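>>> What shape does this take:
(chains A and B)
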2 protein chains.
Amino acid sequence: MSLVFSINKEFVKQEDAKVHVTDLGLRRGYAAFDFMRLHKGIPLFIEDHLDRFENSIALMDLELPITRAELKAHVLELIACNKQETAGLQLYLTAGEASDGVTVDKPNLLILQVPLPYYGPELYEHGGKLISHEYLRDLPEAKSTNYFRALRLAKKIKAAGATDVLYKLNGQILETSRSNIFFVMPDGSVKTAKENILNGVSRRNLVRILPKHLNFEETNISEDILEQASEAFISSTVRAVMPITFVDNKAIGNGKVGPEVSKIRKIFDNHINDYVAANG
Amino acid sequence: MSLVFSINKEFVKQEDAKVHVTDLGLRRGYAAFDFMRLHKGIPLFIEDHLDRFENSIALMDLELPITRAELKAHVLELIACNKQETAGLQLYLTAGEASDGVTVDKPNLLILQVPLPYYGPELYEHGGKLISHEYLRDLPEAKSTNYFRALRLAKKIKAAGATDVLYKLNGQILETSRSNIFFVMPDGSVKTAKENILNGVSRRNLVRILPKHLNFEETNISEDILEQASEAFISSTVRAVMPITFVDNKAIGNGKVGPEVSKIRKIFDNHINDYVAANG
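Numbering: from 1, shown residues only, chains lettered A, B, ... in the order given. Presented below is the predicted three-dimensional model:
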């Protein structure tokens, strides 16, 4: 059955959801973006996502054409129309059409309900692999459609049997192209990068809950951590908490999924269940 | 009167020229791009533009879905349909729709005939101003829709009364967001950056013709040149040869449009006229 998408607050059939070719989101790669997960019919951490979307929009000098409350109500209405339990919700504010090709006039607000990308159990049982790459995203604090480098690297990532690329800069570990990274140290403490990263919504929630369970630190992370850490994982809306056991063919710790990451996965799953129970 | 655009080799009315919202050109900012100028009904330097478009496509790991000869014939057919003497022709090869959001499957080829941006005589009489900014474009040798940094800076450029932003990196002068830059030295020789730039089509043509008239060099250019040069200009499809008299409020030479740039403007105008005469 065809879903409905939203274009500037109008519901349209999925197959009819189009934008004019002169939209600067397409012509100039300029659009704020967010991605929510619909789980058991509930948009997980929707307030965090809307906070971040508003922040990305402000950082990109765009303007949300409706109020935050209207946007939230509209997202919920779209979810109700589509009657799905599990899905991804993509929010875009494109730079819209501009006669001179650079000056933003009237942004376009798009909301798409899409299948959730699937990551098989293999990656959770044995851990994923990353390849590292020297790169700082442009305006990393904003979530945008600027995935130029990630798409350029897509074939290389696949060829290496990796699940994503780990961006690093001048000896500092930052984030992957679509997730945040965390390291478990031999003493059981957990560290994640603090600067020059997207503050992911899963990361935000982990920052809230992990300190209740373990020693947790947001800090600058040197590359040496790849030798020192005993376990590692990435967090994202789609992957939740996913163990990482190899970076560039070098094992993290003993190269197996460890007990601390397994514990953190459960903590995060419980947090999601609590959210669903409280917001259902 | 409404123009026609082309989507995957089908002519559609301008107002109906749309792409689906799931196109990765929009969702991931991944599309090769080119921009030609239609002058007296002739697409100037079309072979250079198609060379560059093919090169950008290859560098971005995309694949042109038709032959070069078919693309050229199709562009000429579009021009004939639209019956305009003067226009811009935008060519895009977007990454198309991809179920997993990263792997390119079937690119979309778009051709748009658009009004040529207008730069008034003031900029040619008194010279334009640039603001400088530390930045290396991602994959600078390819022309793509990745203008993320340029759009972020659009308000700052306008507020400074500048016509564009000059990208520099580690003390080296590179290019502006949409043109190449050239400096005239006190001895009358001309220099332009050699690496980490887009090899613009106007630049290619200047590289061909300038050595017949003056001492010309493609080389790495240190920032000191802003103090040393007596004149400067930028080149692009839309601006042709445009004098630059100020960078960050500091005058180049005496801050006035000089005789060498005026001479080079005429040389390039004659080159365009020769092209039109030979290809009309």
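
>>> Quick one: the helices in chain A, in order.
A:24-27, A:46-59, A:68-82, A:121-126, A:148-152, A:154-159, A:201-209, A:225-228, A:259-279 (DSSP state H).

>>> Which of these sits closest to A:P115?
Closest approach to A:P115 among the helices of chain A (CB to CB): helix A:68-82, 11.8 Å. All C-beta spots, glycine's among them, are computed from the backbone N, C-alpha and C.

>>> what about the closest one, average pLDDT?
The average pLDDT within helix A:68-82 is 98.

>>> Stretch A:271-280 too?
Averaging pLDDT along stretch A:271-280 gives 96.

>>> buried set for it?
By neighbour count with 16 or more other CB atoms under 10 Å in any protein chain shown, stretch A:271-280 contains the buried residues A:H271, A:I272, A:Y275.

>>> who's in contact with the residue lying closest to the second one once chain neighbours are set aside?
Read that as A:I272. In this structure, A:I272 finds its nearest non-sequential neighbour in A:L44, 6.3 Å apart by CB to CB, 6 or more residues apart in numbering or on different chains. By CB atoms under 8 Å, 6 or more residues apart in numbering or on different chains, A:L44 lies in contact with A:M36, A:R37, A:L38, A:T237, A:I272, A:Y275, A:V276.

>>> How many residues are close by the residue nearest to the first one when sequence neighbours are not counted?
When the adjacent residues along the chain are set aside, A:M36 lies closest to A:L89, with 4.2 Å between them (CB to CB, 6+ apart). If you count neighbours by other CB atoms under 10 Å in any protein chain shown, A:L89 ends up with 24.

>>> I figured A:L89 was touching A:G41, is that so?
No. Counting by CB atoms under 8 Å, A:L89 stays clear of A:G41, with 11.9 Å between them.

>>> so what's in contact with these two at the same time?
Counting by CB under 8 Å, 6+ apart, the shared contacts of A:L89 and A:G41 are A:I79.

>>> What does the pLDDT read for the residue in chain A that chain B sits nearest to?
Chain A approaches chain B most closely through A:G29 (3.1 Å), counting by CB to the nearest CB. As predicted, A:G29 sits at a pLDDT of 97.

>>> Return the residues in contact with the residue nearest to it when sequence neighbours are not counted.
Distance criterion CB to CB, 6+ apart; nearest residue to A:G29, sequence neighbours excluded, is B:G29 at 3.1 Å. Contacts here follow CB under 8 Å, 6+ apart; on that basis B:G29 touches A:G29, A:Y30, A:A31, A:S144, A:T145, A:N146, A:Y147, A:F148, B:T145, B:N146, B:F148.

>>> Let's see which of those end up in strands.
Judged by DSSP state E, strands contain the following of the contacts of B:G29: A:A31.

>>> Neighbour-wise, give me the winner out of the contacts of B:G29.
The most crowded member of these, judged by other CB under 10 Å, is A:Y30 (33 neighbours).

>>> does that one really touch B:F148, like I thought?
Yes. Assessed by CB under 8 Å, A:Y30 is found in contact with B:F148 at 6.1 Å.

>>> Which neighbours do the two have in common?
Joint contacts of A:Y30 and B:F148 (CB under 8 Å, 6+ apart) are A:S144, B:G29.

>>> okay, now A:P43: neighbour count?
As a burial measure, A:P43 scores 20 neighbours (other CB under 10 Å).

>>> one step back: quick check, pLDDT for the residue nearest to A:I272.
98.

>>> Then the one 4 residues further on?
Per-residue confidence at A:D48 stands at 98 (pLDDT).

>>> I'd assumed A:H133 was in contact with A:A160.
No. The pair A:A160 / A:H133 is not scored as a contact, 10.7 Å apart, by CB under 8 Å.

>>> ok, back up a step: TSV please, covering the helices of chain A and showing distance to A:Q113.
Output for these, formatted as TSV (distance: least, CB to CB, whole Å):
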stretch	distance to A:Q113
helix A:24-27	18
helix A:46-59	14
helix A:68-82	5
helix A:121-126	25
helix A:148-152	23
helix A:154-159	24
helix A:201-209	18
helix A:225-228	38
helix A:259-279	18
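
>>> Most tightly packed of those?
Highest mean neighbour count of the helices of chain A: helix A:24-27, a mean of 27 (counted as mean count of other CB atoms under 10 Å in any protein chain shown).

>>> so, in contact with chain B or not, it?
Yes. Residues of helix A:24-27 contacting chain B under CB under 8 Å from any CB of the partner chain: A:L24, A:G25, A:L26, A:R27.

>>> Check which helices and strands that helix sits against.
If you count contacts as 3 or more CB pairs under 8 Å, 6 or more residues apart in numbering or on different chains; DSSP states H and E, helix A:24-27 packs onto strand A:87-97, helix B:24-27, strand B:87-97.

>>> Can you get me the start-to-end distance on stretch A:9-19?
End-to-end distance for stretch A:9-19: 14 Å, by CA to CA, to the nearest Å.

>>> Could I get the buried residue list for it?
By neighbour count with 16+ other CB under 10 Å, stretch A:9-19 contains the buried residues A:F11, A:Q14, A:A17, A:K18, A:V19.

>>> Near the residue nearest to A:D105 when sequence neighbours are not counted, how many other residues are there?
Excluding its sequence neighbours, the residue lying closest to A:D105 (CB to CB, 6+ apart) is A:A98, at 5.3 Å. A:A98: 20 surrounding residues under other CB under 10 Å.

>>> again with A:K143
For A:K143, the neighbour count with other CB under 10 Å is 26.

>>> residues touching it, list them.
With contacts defined as CB under 8 Å, 6+ apart, A:K143 is in contact with A:A32, A:F33, A:D34, A:F35, A:R52, A:F53, A:S56, A:L198.

>>> try A:L153
So A:L153 contacts A:I131, A:H133, A:V165, A:S177 (CB under 8 Å, 6+ apart).

>>> In a markdown table, list these along with distance to chain B and pLDDT.
Shown next, in a markdown table, are these (distance: CB to the nearest CB, whole Å; pLDDT from 0 to 100):
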| residue | distance to chain B | pLDDT |
| --- | --- | --- |
| A:I131 | 14 | 98 |
| A:H133 | 12 | 98 |
| A:V165 | 11 | 98 |
| A:S177 | 9 | 98 |
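
>>> Highest neighbour count among those?
Counting neighbours by other CB under 10 Å, A:V165 leads the contacts of A:L153 with 23 neighbours.

>>> Residues of the stretch 151-280 of chain A that sit close to chain B?
With CB under 8 Å from any CB as the criterion, the stretch 151-280 of chain A comes near chain B at residues A:L151, A:R152, A:A154, A:K155, A:K158.

>>> Distance check, the third one against B:F182.
Counting by CB to CB, to the nearest Å, the gap between A:A154 and B:F182 amounts to 36 Å.

>>> Then the second one?
According to CB to CB, A:R152 and B:F182 sit 29 Å apart.

>>> now do the last one
Summarising the geometry, the distance separating A:K158 from B:F182, computed by CB to CB, is 41 Å.

>>> Is A:F35 bridged to anything, and to what?
A:Q90 (DSSP bridges).

>>> pretty sure it contacts A:I111?
No. Counting by CB under 8 Å, A:F35 does not reach A:I111; the two are 11.1 Å apart.

>>> Common neighbours of these two, please.
A:L89, A:Q90, A:L91.

>>> Just give me the closest of those residues to A:P65.
For the shared contacts of A:F35 and A:I111, the nearest to A:P65 is A:L91 (12.7 Å; CB to CB).

>>> Excluding chain neighbours, what is closest to the closest one?
Closest to A:L91 by CB to CB, 6+ apart is A:D34, at 4.4 Å.
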